[in-house]
Every structure is written in structure tokens, then in C-alpha cells.
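In: Sharing a sequence plus its predicted fold:
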Amino acid sequence: MKLNHLLFFGALLWVGVSCQPKNPDPVGTGGTNADWTAESHGGDAEPNYAVAFSQTEVKTLEISMTTTQWQSIQTDMASKSWGSFGTGSTGNPGGGNPGIGPGGGNPVGGGGGIFGQDPAYVALPVRINGKLWENVGFRLKGNSSLSSAWRSGTYKLPFRLKMDEFEDTYPDITDQRYYGFKELSMSPGYSDNSLLREKIVADIFRQAGVPAAQTAFYRVYIDFGAGKKYCGVYTMVEVIDDTMVKTQFGEKKGNIYKPESTLQTFNVAQFEKKNNETKADYSDVQAFINALNATNRTSNAAAWRSALEQTFNVDQYLKYLAVNNTIVNWDAYGAMAHNYYLYNSPTGKLTWIPWDHNMSMTNTAGGGGNMGGNGGGNRAVSLEMTEVGSGWPLIRYVTQDPVYYAKYKQYVEKFTEMVFTTTNMNALIDRNYNLIAPYVTGSESEQKPYSYLSSATDFTNAQVALKSHVVSRNQAVTAFLK
């Protein structure tokens, strides 16, 4: 009898255990998201550049938010000094700051504090080519681009996506990735009617041997709570401290900085660490700035160069400078104290990494696009660089040192002979123009207020202007090298 009871209760226990539902929301496997796969969403996936940064396809990215979420973004922006959406005033993002510009004697690091704090993240569903990523961190980003778009009421806003920002709130997205990428930066083509500069300038830098982020085109739809709207073609830019450094340098153990500094003096507040945040070690960048500004620069130039080269990859910087000055860049070091990264590479030296190229490859500030209040007081650095003031020591001292200046001129010549030729540039421009044209001026075209373009001719004329710019810059180089 006892045995029968045991068998009976044992059977009940077995039935009770076996009929318990399996965990419907296992951590790190996307929970109930049917689109989740280890390759597309998993935290262990290697970065898949062929998929995420396709050079032959314009993928579709869709973002959905509720009316309440859109209102919360507006409330957050207003509270952080960005103003109200669509107020009509674009402010003065960088154009007239005293001391800013190549001739300025005392430029202000960090843009003079004229922009608001970083906007907050919001958890939103994101679909890319129909595949769902849940609770992705979405936030607006940028300086002049964000200020101008926000105040003018343009919905083609610059933004960032962080795939696992809300993993503590939603454990099923722990270590969520987009084909191996944790963060993505979306550039809307502000001040660039061609919509190409962010993309092709990064390509040009890498062709010239200067490490730069990968880029790709995406067409973006955003539902602000009242239905999906087409916000046009964006350039997706690889985030430097996410995957770019490890992919192009082989590791990312060294410090990665995103400075807001003219490099005259070391101020810890101007050197944001993008990794190793818990280690209060800034000795690498301090040593670099000390070496750069050492008093023996004029009395013992050889010793000054030797000490500088122990802390900073000068040769790579000269390549960058040759490219940057040849193509023309209105929003880089020498005009503004930002838009660069420093990475303490495996060689133990800081390496310069360029960033943000939408205001380059044009002879006029803004590139023929909607500049808002930007560009009024800036000058792009010339090929000669002789106009650059003491407030920009990394350029001025290169100009004044005959050894570095001679090597810089060699890199300018090599760049225009090997990379920046009309044949190569025309092919690069045509290839990317033909890729995105159907999504800019086609059956579903960019339209205000979801675009910066006033008409289709703005886009088509800008391609012609890019090609003409290449011709004029090659002519300028010929004159410079005489």
C-alpha cells in the first residue's frame, strides 16, 4: 500500500515538474523575439561589416515611438538648454565664438559651452530590413547639426542607437548587438546637399592610409507617434570606441579619448575617456601635451621632435593633415576644438583619428546646405597653414618645423597623385550617388520638414559641385607644391 502511494505521489510529482512551462524569457536570447539569432543579435557575434556596413545596398531602418515618448524627448531637450522643437531660431552653434578659427590666439575648448547636455536615451523598437531589435536605446546627438535641426523643426535629426542600453530594465536584451555592433551613429547629411560627404570622406581617409570609421547608407523611417514618416537617407557611422579601434588597430586596451581641446594645456575635463573610465590615468595625453608645448622646440628642434614622437604618432598625423587640408574641412581641429579622437595604440603612442566629415570637401562653409548659424567666424585651414595662430599648437608647430613641414608636403603630393585624382574621386562620387539617388529623388523622395533639401536639384547640383571641388583642389595643390 505504501509502495502504491509512493508510486502515485511520485507520478504526480513527475507530472507537476514536467508540465512546468520552460523559461519564456531566457537572458541574452531575445526572449520572445522571433527575429533573434546569435549572429544578428547575440553579444558574442563578431562585427559583420559586410551586412551592417554594406557598400552595395541601402538598408531600411525603422524606429517607432509613442506620442508620449516623443513628448518626453522634447521635454528632456528643453530642460538641457536645447530649446523647444521648431522655435525657428537656430542659435549660434560655433559660428561666432571669439578666438575660434585658424588665426585665433586663445581658442576655447569644447565649443565654448554653447550646446546643451547630451540628450537622454529612450527605449524603442527598431527594425532593420524588417528584422526587429527590441528596447534599443535611442538618443539625439550632435552639436551644430542637432541645434539647427531641432530649433528649425526639421525631423531629420541626428541620432545614436545603443543596442543594450536598457539591458538592466529588459534582461532579455542583455548584450544585444546589431551584427556584432553595440552602438551606431546616424548622420543625416546636415549642411551637405550631396548627402555623400560623411560617407566618402571616411573612405578617402582610409584609402590614404589614415584610420577612420566605416560608413554606410541607410534610409530611415521614424514614427513620432502619429504614423511612420520617411526621413530620408542617413549615413550610418561606426562608433570609434565600439568596434573601429579593435578592428583597425588589432586591440583596444589603450586609452581612447574624445577631446574638446586645442592641446595648448591639459585640462582633464576636456579629455573624455571612452574606455578605461575607472582608471584615473591620463599620463599618456599629459605627456603628449607637455612634449608638444615644450620650450626647447625652437632651441633644440631635434630633441623636441624626438620627445614628441615618443608620445604621439606624428607621421600618421602628417598624413591626416595632408588629406584634411587638401580636401578642405570647416569643422576640424584648427577651426574648432573637436571632431577627433586620440587612441593610445599598441605602439604606446597616441594616434589621431578623424571624425565627423559632413562639412568637408567644399570651399564654402556649409557646403551649400542649410548652415543655420554655423560657419560665420571660421576658416578652414589652408594648405600652407601659415595663417594658423598659436592657439592651435599641433598645426602651428608642424608648420614652423622644417622637417615636419617637408614631410607634410610630401604627403600632400602623394595623396593627390595616388588617391585624390579626378578619375578616382569621380568614380567614388558616381558610385555612391547612384546608390542613394533612388531614395533621395525617386518615387519616395526626401521632403521638408523631413529633409534639409529644398528640391531635387539641390541634390543633383551638389554632385557636380563635389567633382568641381576635386579639380580646384588639385589645382591648389599644384600651386602649393611649386
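Out: Great, that's in hand.

In: lowest-confidence helix or strand of this protein?
Out: helix 2-18 (a mean of 39; mean pLDDT, DSSP states H and E).

In: same question for the helix or strand following that one, mean pLDDT?
Out: Using DSSP states H and E, the next helix or strand after helix 2-18 towards the C-terminus is helix 49-52. Averaging pLDDT along helix 49-52 yields 98.

In: Show me what counts as buried in helix 49-52.
Out: Using 16 or more other CB atoms under 10 Å as the test for burial, helix 49-52 gives 49, 51-52. Placement of C-beta: from N, CA and C, glycine included.

In: Then stretch 395-411?
Out: Residues of stretch 395-411 classed as buried: 395-401, 404-405, 407-409, 411 (neighbour count, 16+ other CB under 10 Å).

In: Quick one: end-to-end length of that stretch, please.
Out: 15 Å (CA to CA, to the nearest Å).

In: Show me what the top helix by length along the chain is packed up against.
Out: In terms of residue count, the longest helix belonging to the chain (DSSP state H) is helix 456-481. With contacts defined as 3 or more CB pairs under 8 Å, 6 or more residues apart in numbering; DSSP states H and E, helix 456-481 has these neighbours: helix 314-327, helix 402-418, helix 422-440.

In: can you redo the buried residues of helix 49-52 as TSV with distance to residue 260?
Out: Formatted as TSV, these follow (distance: CB to CB, whole Å):
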residue	distance to residue 260
49	29
51	34
52	29
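
In: number of nearby residues for the closest residue to residue 320 other than its chain neighbours?
Out: Nearest in space to residue 320, with sequence neighbours left out and distances taken as CB to CB, 6 or more residues apart in numbering, is residue 210 at 4.9 Å. Counted with other CB atoms under 10 Å, the neighbours of residue 210 add up to 23.

In: for residue 210, helix, strand, or coil?
Out: Look at residue 210: counting by DSSP: H, G, I helix; E, B strand; the rest coil, its state is coil.

In: so what's it scoring on pLDDT?
Out: 98.

In: coming back round to it: now do the longest helix of the chain, average pLDDT.
Out: Helix 456-481 carries an average pLDDT of 97.

In: I'd like to know which of the buried residues of helix 49-52 is nearest to residue 345.
Out: Closest to residue 345 out of those is residue 49 (20.6 Å), distances taken as CB to CB.

In: if I pick the closest one, what's in contact with it?
Out: Applying CB atoms under 8 Å, 6 or more residues apart in numbering, we find residue 49 in contact with 214, 247.

In: just residue 364 next, same as before
Out: Listed by CB under 8 Å, 6+ apart, the contact set of residue 364 is empty.

In: Can you list the low-confidence ranges for the stretch 301-450 of the chain?
Out: Scanning the stretch 301-450 of the chain for pLDDT under 70 picks out the ranges 365-378.

In: 80 instead?
Out: In the predicted model, the stretch 301-450 of the chain carries pLDDT under 80 at residues 364-379.

In: Spell out, range by range, the helices that occur in the chain.
Out: Taking DSSP H as the test, the helices found in the chain are 2-18, 49-52, 67-79, 144-152, 197-207, 245-249, 283-292, 301-311, 314-327, 393-400, 402-418, 422-440, 456-481.

In: Skip the chain neighbours and tell me the closest residue to residue 28.
Out: residue 174 is the one closest to residue 28 (CB to CB, 6+ apart), at 4.4 Å.

In: Can you check what angle separates the longest helix of the chain from helix 402-418?
Out: Here helix 456-481 points in a direction 130 degrees away from that of helix 402-418 (axes from the mean of the first three to the mean of the last three CA atoms, to 10 degrees).

In: quick one on the thing from earlier: could you export the helices and strands packed on helix 456-481 as CSV, including distance to residue 36?
Out: Below are these laid out as CSV (distance: least, CB to CB, whole Å):
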stretch, distance to residue 36
helix 314-327, 40
helix 402-418, 45
helix 422-440, 28
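
In: got a list of what residue 67 touches?
Out: Going by CB under 8 Å, 6+ apart, residue 67 touches 224-226.

In: ok so, going back, make a markdown table out of the buried residues of stretch 395-411 and add distance to residue 82.
Out: As requested, those are arranged in a markdown table below (distance: CB to CB, whole Å):
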| residue | distance to residue 82 |
| --- | --- |
| 395 | 31 |
| 396 | 34 |
| 397 | 37 |
| 398 | 36 |
| 399 | 37 |
| 400 | 40 |
| 401 | 42 |
| 404 | 41 |
| 405 | 42 |
| 407 | 43 |
| 408 | 39 |
| 409 | 43 |
| 411 | 40 |
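
In: Out of those residues, which is nearest to residue 453?
Out: residue 395 (34.0 Å).

In: count of residues packed around residue 478?
Out: 11.

In: Write a PyMOL command that selects only the buried members of the contacts of residue 67.
Out: This is the PyMOL syntax for the buried subset of the contacts of residue 67, where burial follows 16+ other CB under 10 Å:
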select buried, resi 224
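
In: With distance to residue 133 added, can I get the contacts of residue 67 in CSV?
Out: Below are these laid out as CSV (distance: CB to CB, whole Å):
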residue, distance to residue 133
224, 19
225, 20
226, 23
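
In: returning to what we had before: quick check: buried residues in the longest helix of the chain?
Out: Using 16+ other CB under 10 Å as the test for burial, helix 456-481 gives 458-459, 462-463, 465-466, 469-470, 473-474, 476-477, 480.

In: that older thread, from the buried residues of stretch 395-411, which single one is nearest residue 180?
Out: residue 411 (33.3 Å).

In: What confidence value was assigned to residue 32?
Out: Residue 32 is given a pLDDT of 89.

In: same thing with the one 4 residues further on?
Out: Residue 36 carries a pLDDT score of 96 in this model.

In: Spell out which residues sit in contact with it, please.
Out: Contacts here follow CB under 8 Å, 6+ apart; on that basis residue 36 touches 29-30, 42.

In: cool, residue 236 as well?
Out: 52-53, 61, 184-187, 215-218.

In: which of those residues lies closest to residue 431?
Out: Nearest member of these to residue 431, counting by CB to CB, is residue 217, at 11.3 Å.

In: doesn't residue 433 make contact with that closest one?
Out: No: with contact defined as CB atoms under 8 Å, residue 217 does not reach residue 433; the gap is 10.7 Å.

In: Identify the residue nearest residue 222 in space, chain neighbours excluded?
Out: residue 63 (4.8 Å).

In: and the one you found, how many neighbours does it have?
Out: Residue 63: 22 surrounding residues under other CB under 10 Å.

In: and what of residue 68?
Out: 8.

In: same thing with residue 162?
Out: Quick note: residue 162 (other CB under 10 Å) scores 18 neighbours.

In: Pretty sure it sits against residue 185.
Out: No: in this structure, residue 162 is not within contact of residue 185 by CB under 8 Å, at 10.2 Å.

In: for the helices of the chain, which one sits closest to residue 274?
Out: Of those, the one closest to residue 274 (CB to CB) turns out to be helix 245-249, at 9.0 Å.

In: Check which residues of the closest one are buried.
Out: Buried residues in helix 245-249 (16+ other CB under 10 Å): 245, 247-249.

In: In a markdown table, list the residues you listed along with distance to residue 237 and pLDDT.
Out: Listed next are the buried residues of helix 245-249 as a markdown table, based on distance: CB to CB, whole Å; pLDDT from 0 to 100:
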| residue | distance to residue 237 | pLDDT |
| --- | --- | --- |
| 245 | 14 | 96 |
| 247 | 14 | 96 |
| 248 | 14 | 96 |
| 249 | 18 | 95 |
